[in-house]
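Student: sequence and predicted structure, then a few things I'm wondering about:
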Amino acid sequence: MEGEGQLDIKRAKQEIKDTIEAYLARDEYGAYKIPVIRQRPILLMGPPGIGKTQIMEQVAKEMKVGLVAYTITHHTRQSAVGLPFIREKIYGGKTYSVTEYTMSEIIASVYGKMEQTGKKEGILFLDEINCVSETLAPAMLQFLQGKTFGNQKMPEGWIIVAAGNPPEYNKSVREFDVVTLDRLKRIDVSADFPVWKEYAYRQGIHPAVISYLELRRENFCRIENTVDGKRFVTARGWEDLSRLIQVYEDLGKKADREVVYQYVQHRQAAKDFANYLELWYKYRKDYGIEGILDGTWDARMLQKIKAAPFDEHLSVVSLLNGKLCDMFAGCWRMDRYVSKLYEYLIYYRDNQSAMMLTDVKAAAERDLEEQTRAESMTKEEKETMLRVIDTLDRFAQELKGELFIGDAVFDEVKKMFACQREAQDDMASSVSKALDAAFRFMEEAFGESQEMVAFVTELNTNFYSTWFIRENGCDLYFRYNKGLLFDDRQQEIIHQMDEVESLLNSGLK
């Protein structure tokens, strides 16, 4: 449960975006509506590993501003403030030796980012702000209060966001005094599993991790002090473990209890999850999830699942959701790719009298280079662009040596693109059949039960499933979604989908 005044990470992200939007708003004369001196640095306080750094990366990309991020504990006073040097100055007709400082490495990085990306506004993110060394602490407090390191100010248009952990998580934490706190906009963030679960689906977190934490939410973020030291597990730990498990699966390896403990540094939770993961693999084999999604199961399997305990039922539901999630995500990526390819082919159509398909490929490569330099692309967007460039190159190669006159060239390109559309439609049709098969299996195995509620709940939580169903429909989903009173949740997710779609469209070439 959230404590009083605490926000989940999703709400905190929106609060940060709203604040930055307000700080960067200008009046009719071009001046900031909130003067720089009144633009309080934002202070995020919350447990380690809940995604404070990730949301800053997301905010910067979504708001199309620059981002410079530092873990401040890695800095000394000299690197943060700059090195002293002596300069002679004349005061009242007399020459004096005066100490000045070279530019702070941090301030220099801000100017460097502006030069690199061309973005004049941005975010300076300083993590672990309340764990600075004793020698750096005074300079850091001065920076938070006056946005100045030594005699160098932050450039206008750059917002300071700092993050720290409460004292119970770090014994080296320094308490801020009232004078400093009175100059900060403080946001207290809590670990919230339902919010993290939405993020987990979007990031492709291993379904065994998601389903385990659904059953054992107390192990999502857990920090305990014992005579043997701290025992803990964080959201960051689960995410990193998830990625390792996925790579291990590609390599034909399994993560045992000791491997899990390297990420989940809480013996009881690590043992519990390792046992669950072993059962998860067993159920995946025993129940043949791929076969279920192909529509092939028999009375023996139904009898077996009905006789199994409730936890096993939920594991099977998780296996179905996990496999479907991969399929939905594949369709989403295919849709992004085909849409982006279509944009470049329209550009080619409108300019084919002055260019060849290789010129379009070169334009796409320039767009990728520019957006990469400006750090305005997500990983998914970059992968989409690389796929489009590869396809444009293949199209150009296939046209080589063929004799086409006038509109015949573009007619051939349209045929090539039609094959991509057909592959997209075939993929969507295949996934629709798999989703229908999953619902039919759930009906025969469980009926309108808690298991069906869990199944539909996960579909409503998952960004990719909500997108897929909105685009392609599913009668059984709509029947159970309405019957199980999920309509409000569905509308909330769709609203979020619309916001994401608008954001993606705003960044199109």
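Tutor: Sure, I can see it.
Student: so E57 touches G66, yeah?
Tutor: No. The pair E57 / G66 is not scored as a contact, 11.5 Å apart, by C-beta atoms under 8 Å. All C-beta atoms are positioned from the backbone trio N, CA, C, and that covers glycine.
Student: the more surrounded of these two?
Tutor: Neighbour count, other C-beta atoms under 10 Å: between E57 and G66, G66 has more, with 23 against 16.
Student: show me what contacts that one?
Tutor: A60, V110, K113, M114, T117, K119, E121, G122, I123, W158, E375 (C-beta atoms under 8 Å, 6 or more residues apart in numbering).
Student: okay if I get the residues you listed as a markdown table plus neighbour count, distance to T148 and pLDDT?
Tutor: Output for the contacts of G66, formatted as a markdown table (neighbours: other C-beta atoms under 10 Å; distance: C-beta to C-beta, whole Å; pLDDT from 0 to 100):
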| residue | neighbour count | distance to T148 | pLDDT |
| --- | --- | --- | --- |
| A60 | 22 | 23 | 94 |
| V110 | 18 | 13 | 94 |
| K113 | 19 | 19 | 94 |
| M114 | 18 | 18 | 94 |
| T117 | 18 | 23 | 92 |
| K119 | 19 | 22 | 93 |
| E121 | 17 | 19 | 95 |
| G122 | 24 | 18 | 96 |
| I123 | 23 | 18 | 96 |
| W158 | 26 | 13 | 96 |
| E375 | 18 | 26 | 87 |
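Student: can I get those residues in CSV including secondary structure and distance to E312?
Tutor: Listed next are those as CSV, based on DSSP: H, G, I helix; E, B strand; the rest coil; distance: C-beta to C-beta, whole Å:
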residue, secondary structure, distance to E312
A60, helix, 44
V110, helix, 54
K113, helix, 52
M114, helix, 56
T117, helix, 51
K119, coil, 52
E121, coil, 53
G122, strand, 50
I123, strand, 46
W158, strand, 54
E375, coil, 46
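Student: now for the residues you listed, which pair is the farthest apart?
Tutor: Greatest spatial distance among the contacts of G66 (C-beta to C-beta): W158 and E375, at 14.7 Å.
Student: outline the domain layout of this structure.
Tutor: For the chain, automatic domain parsing gives the domain ranges 6-77+106-191, 192-287, 325-509.
Student: any idea how far the residue of the chain most remote from its centre lies from D298?
Tutor: Relative to the centre of the chain, the most outlying C-alpha is that of G93, 59.9 Å out, by C-alpha atoms, centre = their mean. Applying C-beta to C-beta, to the nearest Å, the value for G93 to D298 is 102 Å.
Student: what's the answer for E115, then?
Tutor: From E115 across to D298, the span is 66 Å (C-beta to C-beta).
Student: wait, what's in contact with L144?
Tutor: L144 sits next to P41, I129, I160, A162, T180, R183, L184 when contact means C-beta under 8 Å, 6+ apart.
Student: dump the residues you listed to TSV, plus neighbour count.
Tutor: Output for these, formatted as TSV (neighbours: other C-beta atoms under 10 Å):
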residue	neighbour count
P41	21
I129	29
I160	19
A162	24
T180	16
R183	18
L184	18
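Student: before we move on, back to that, for A308, which of the domains of the chain is the nearest?
Tutor: Nearest to A308, of the domains of the chain and by C-beta to C-beta, is domain 192-287 at 8.8 Å.
Student: so where's the stretch 51-200 of the chain shaky on pLDDT?
Tutor: For the stretch 51-200 of the chain, the stretches with pLDDT under 70 are 75-76, 171.
Student: what residues of the one helix or strand A208 maps to count as buried?
Tutor: Element membership for A208 (DSSP states H and E) is helix 207-215. Along helix 207-215, these residues count as buried under the neighbour rule (16 or more other C-beta atoms under 10 Å): P207, A208, V209, I210, S211, Y212, L213, E214.
Student: swap in stretch 78-93?
Tutor: Buried-residue list, stretch 78-93, by 16+ other C-beta under 10 Å: A80, V81, G82.
Student: go ahead and confirm the first one touches I72.
Tutor: Yes. The pair A80 and I72 passes the contact test of C-beta under 8 Å, sitting 7.4 Å apart.
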